[in-house]
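A.B. asks: From the sequence below, what's the structure:
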Amino acid sequence: MSRAMKRATALLVVVLLVAAGLWTLRHRRHGRAGNGGETIVATLRSDPASFSRLLAGDRSSLIASQLVNEPLVRVNHVTQTLEPALAEGWQEVEAGRRYRLTLRPAARFSDGSAVTARDVVFSVGAVYKPNLNSPLADGLQVDGSPVTARAVDDRTVELTFPSAYGPGLRPLHAVPILPHARYESAVESGAFAAAWAPDAPTPGMVGAGPFMVERVEPGVAVHLVRNPHYWRIGDDGVRLPRADRLRLDIVPSQEAEMLRLRTGDTDIVTAELRPDDLTEARALAAQQRLQLFDLGPSLDVDMLWFNLTPASGDDRREWLRRRELREAISHAVDRTAFINAVYRGAAVQVAGMITPGNHVWHASGLAPRPHSLAMAAELLDRIGVRDRNGDGVREDVYNQPATFTLLVQQGHTIRQRAAAVLQEALRPLGLDMAIATLDARGLQQRLRDGSYEAMYHGLPGTDTDPSGLMEFWLSSGGWHLWHPNQASAATKWEREIDLLMTRQLTSTNLEERRQLVATAQRMLDEELPVIVFAAPRVTVATSGRLTNVRPGLLAPHVLWNAADIGVR
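C.D. replies: Next comes the predicted model:
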C-alpha cells in the first residue's frame, strides 16, 4: 500500500470514529443508546405534586397527568373544540342535561384491562370524594350538586347533570378515567393520593394515557415509557405514541431551558420563548435546528395579587387589603413601558385575566386604568397611607413605613423582570416593595398556608371556557388566589361573582353565558383582587428533529398532543 493510500485510510478511520462519536453523543443525549428506541426530552419547571389531575392542579401535575391518563373527551388545543377521546362519540338525550357516551372498543388501561362504563362511573364519582379534595370538583358542580354517571352496559355510560349545564361535556376533558378495580378501595380508605405521589411505586400507577411512569428522579427527571395498550392510531396508520420514551427533565430556570434547547439536550420546553430569546431562536430555526411557531396573544397571564384573607386579632396591616391600594398600583404602572421592559414589546395591554386572545369569552369594553401617579397618590392618601415626614416613603396610619414583600418564582426570567419593573414603578409613589424569590413548589405552599403579603404568578389554563377555571372564580375554590377555600363568600362582590359564574353554568344559551361571564369580569375589574398588566405574544419552539408538532395557545402548548409527536 502506498504512503498516500495509508494516509487516506488513516484519515477515513479518523472521520468514521468522529462520526460514530457524534452519533453516540446525539443518541445518548436523547436516550436512544441502550433502550432500543428514541426518547423525546421535554422540561418541567418543578416536580409534579401528583401524577393525577384528580389531586393537584399545578402545571407540572397537569402535564404529567395528561401524559399517563386519558379522559372521555378532550379539548383540541389548536381548534379549541371538543373532540372524542376514550368515548368514541356521544348523543344528547336531554338538552343540556343528559348525555349518552359510547366507549371505544379498543380502549385499554396500561395494564391491558378494558376501559368500561363502570370505570367511568367510578372516576366521575371520585371527583366529589371529600377525602380527595379534588381541584376538579368546583368545575363539575351545578348549583352545588354533582354530575352523576350511570353504566348502561359495558361500553355505554349516561351522564346526568342536576340541571341544564351550559358547558355540556367540556369540563370532562380534565377528568382522568381510572380502573375501578385497582383504585376503588384506595379512594375509600384515603390511600389514593399516596398511590399517585411522585415517590409511589410506579407499577401501581395505571392509566389509559399514551405513556406510563417508569421511574422518578426527584428534582432531576420523570422517565416515561410508551403504553403498549394505548388506543389511538395516527393519521398515517401508525399506533401511537410514536416515541418509545418521554423524559421530563426538571429545569426551574428559563435560562437553563434555552441553553438545553440551543445545545440539543431538550426537544420541548415547558412554556413559550422569552422575548429575549427570539433573535437567537430565529437564527437557529434558519439552520433547521429549531422549529418556531407564532401562536398570537396568550390566553394565560401573570397577575399581581395581595393576600386578602382577614387577619386574626389586631390588624395593623389592614391597608394591604384595601381596594384603593390595588387601584393605585394599577394606575402607577405605565403598561407601555412595562411591555417594552418585560416583554421587549412582544405583548398587548390587558385589564383582566380573560385576554383578547380568548375571542369567545373576553369582555369587550374593559380597558386598563390610565397611567397616572397623581390618581394613584390620591387613592393612597384616601386610606391614610401618606408621606408624613417628607422622606419620600409613605407611612401607614400607625406611622410605620408602607412596605410589603412580593413573592415571585425563582428562575422565571419574565416574572422576575416584571417584579423589578413593578418595584421601580412604585418607588416614585412612595411605596417600598421588597422582592423575594421561591421555586414553584414553595410558592404553592405559601399560597396554601396564606403566609405571604403579595404574589406575582400565573394560573395554568386548561380550557378557553370559563368552566375550566371555576376554582379561580368561586370563593370556595382552591385557586381563588387572594382568599382560597372560603366556607362562604367573605365579601358582597365575591358572593355576586359566585352567583354569576354559577348561573352561567346552568344556561344552555351561549350568548346568555357570555353576558354573565362579562359581568363577572367587569366586577373583577372594579374590585381588582388580581391586577393584570399585559398578555404576551406566544412563540413556542421545539428541536428541529421532531415531527407532527401541533402547538396551540392552551397550555401545555406542545405536549397536549405528545402521543403524535415523532422523531425524524
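
A.B. asks: Nearest residue to the middle of the chain?
C.D. replies: Against the mean C-alpha coordinate of the chain, by CA atoms, centre = their mean, the closest residue is P460 at 2.1 Å.

A.B. asks: Just give the nearest non-adjacent residue to that one, would you?
C.D. replies: R59 (4.0 Å; CB to CB, 6 or more residues apart in numbering). The way it works is simple: take the backbone N, C-alpha and C, and place the C-beta from them, glycine included.

A.B. asks: ok, now which ones touch the one you found?
C.D. replies: Contact partners of R59, counting by CB atoms under 8 Å, 6 or more residues apart in numbering, are 44-45, 270, 440, 460, 555-556.

A.B. asks: got it, and E395?
C.D. replies: Contacts of E395 by CB under 8 Å, 6+ apart are 385-389, 401-402.

A.B. asks: Tell me the one of those nearest D111?
C.D. replies: Among the contacts of E395, A402 lies closest to D111 (CB to CB), at 59.1 Å.

A.B. asks: residues in contact with the closest one?
C.D. replies: 319, 380, 385, 393-396, 430-432.

A.B. asks: So the residue nearest to the centre of the chain versus L469, what's the distance?
C.D. replies: According to CB to CB, to the nearest Å, P460 stands 9 Å off from L469.

A.B. asks: wait, L481 sits on V530?
C.D. replies: Yes. L481 is within contact range of V530, at 6.3 Å (criterion: CB atoms under 8 Å).

A.B. asks: Find the residues that touch each one of those two.
C.D. replies: 303, 305.

A.B. asks: For the chain, give me the ranges with low pLDDT.
C.D. replies: Filtered on pLDDT under 70, the chain yields the residue ranges 1-37, 461-462.

A.B. asks: Please name every helix or strand in contact with the strand ranked longest in it.
C.D. replies: Identified as the longest strand of the chain according to DSSP state E is strand 534-543. Contact partners of strand 534-543 among helices and strands, from 3 or more CB pairs under 8 Å, 6 or more residues apart in numbering; DSSP states H and E: helix 278-286, strand 290-297, helix 335-343, strand 347-349.

A.B. asks: what about 6 Å?
C.D. replies: The contact analysis (3 or more CB pairs under 6 Å, 6 or more residues apart in numbering; DSSP states H and E) places strand 534-543 against strand 290-297, strand 347-349.

A.B. asks: would CSV of the ones you listed with distance to T336 be doable?
C.D. replies: Listed next are the helices and strands packed on strand 534-543 as CSV, based on distance: least, CB to CB, whole Å:
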stretch, distance to T336
strand 290-297, 16
strand 347-349, 7
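
A.B. asks: Dump those to CSV, plus distance to L72 and mean neighbour count.
C.D. replies: Shown next, in CSV, are those (distance: least, CB to CB, whole Å; neighbours: other CB atoms under 10 Å):
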stretch, distance to L72, mean neighbour count
strand 290-297, 27, 17
strand 347-349, 35, 18
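
A.B. asks: and of these, who's closest to V124?
C.D. replies: The nearest among the helices and strands packed on strand 534-543, by CB to CB, is strand 290-297 at 32.3 Å.

A.B. asks: Pairing partners for the closest one, with directions?
C.D. replies: strand 534-543 (antiparallel) (DSSP bridges).

A.B. asks: Run through who's touching the partner strand.
C.D. replies: The contact list for strand 534-543 (CB atoms under 6 Å, 6 or more residues apart in numbering) reads 267-268, 272-273, 281, 290-295, 297-298, 301, 339, 343, 346-350, 355, 549, 551, 557.

A.B. asks: Following the chain onward from that strand, which element is next?
C.D. replies: strand 546-547 (DSSP states H and E).

A.B. asks: Give the pairing partners of that following strand; include direction for each.
C.D. replies: strand 566-567 (antiparallel).

A.B. asks: Check the offset of the partner strand from the chain's centre.
C.D. replies: Distance of strand 566-567 from the chain centroid (CA atoms, centre = their mean, to the nearest Å) equals 25 Å.

A.B. asks: do the same with stretch 55-71
C.D. replies: With CA atoms, centre = their mean, you get 10 Å for stretch 55-71.

A.B. asks: re earlier: export the longest strand of the chain to CSV, keeping only CA atoms.
C.D. replies: Below are the C-alpha coordinates for strand 534-543, written out as CSV (Å, rounded to 0.1, in the frame of the first residue of the first chain):
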residue,chain,number,x,y,z
ALA,A,534,-50.1,42.5,29.8
ALA,A,535,-50.6,39.4,27.7
PRO,A,536,-47.5,38.3,25.9
ARG,A,537,-47.5,37.1,22.3
VAL,A,538,-46.8,33.4,22.3
THR,A,539,-43.9,31.9,20.3
VAL,A,540,-43.0,28.3,21.1
ALA,A,541,-40.0,26.3,19.9
THR,A,542,-39.1,22.7,19.6
SER,A,543,-36.0,21.0,18.3
